[in-house]
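S.K.: predicted model, plus sequence, below.
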Amino acid sequence: MDLPTPLAAALERRKSLQEAEAAIQGSDLAPWVFTNRVDKPIDALNLVHRVWQPLLEKAGLRRIRFHDLRHTYAAVLIQRGESLAYVKDQLGHHSIQVTVDLYGHLVPGANRNAVDRLAAATNCNLYATDEEAREEKREVSSDEDWSRRWDLNPRPADYESAALPLSYTGTRRSR
């Protein structure tokens with residue numbers, strides 16, 4: 001994975017500093033990038049209670065879970081037009097399906113594009129994206145061929161009537 005240049009440079013500086021500190025102290029280099037004062041992994045609860053929550057409070061932000069940063073990162077990537085495959089790689093999901101299930105709804109215009117593709121495939125204009133066409137259809141449509149009288153409307157075939165409410169089957173409703 002290629003790291004952005006500023007991030008790669010910052011991590012290199014961090015590693016150099018850790019190597020120098022380990023050499024001065026005569027100890028082995030810790031295998032972790034970020035450690036506590038005794039070169040052990042940072043305890044998650046300690047980080048949340050001593051660093052994360054005070055940081056949010058000082059910044060005037062509401063409390064959120066530390067894990068929410070991961071979701072924010074994914075959402076920003078998607079908003080900027082990154083592919084779900086790239087987001088999958090960044091988050092380390094084992095399958096693209098996990099990424100789609102969690103973040104697919106954030107893809108801009110995904111639903112609109114799906115409706116447009118369906119309209120094209122069925123050779124039917126559903127006016128999902130064209131406001132002018134929708135307005136034009138409203139002007140042209142009329143109720144001339146439809147009557148509120150049950151006896152003037154044609155009755156659908158029996159197989160169709162099973163799925164329709166009584167008011168559409170030609171059966172007279174009691175008032």
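M.R.: Good, I have the coordinates.

S.K.: now do the phi/psi pair for Val81.
M.R.: Careful, residue 81 is Gly and not Val. Main-chain dihedrals, Gly81, degrees, to the nearest 10: phi 90, psi 10.

S.K.: which residue packs closest to it, ignoring adjacent ones?
M.R.: Nearest residue to Gly81, sequence neighbours excluded (CB to CB, 6 or more residues apart in numbering): Pro108, at 7.8 Å. For glycine as for every other residue, the C-beta is placed from the backbone atoms N, C-alpha and C.

S.K.: let me know how buried that neighbour is, in neighbour terms.
M.R.: 11 (other CB atoms under 10 Å).

S.K.: same question for the one 4 residues further on.
M.R.: Each residue near Arg112 was counted by other CB under 10 Å, and the total is 11.

S.K.: state the distance from it to Leu118.
M.R.: Distance of Arg112 to Leu118, given as CB to CB, to the nearest Å: 11 Å.

S.K.: thinking again about what came up before, how about the residue nearest to Gly81, secondary structure?
M.R.: Taking DSSP: H, G, I helix; E, B strand; the rest coil as the rule, one finds Pro108 in the coil state.
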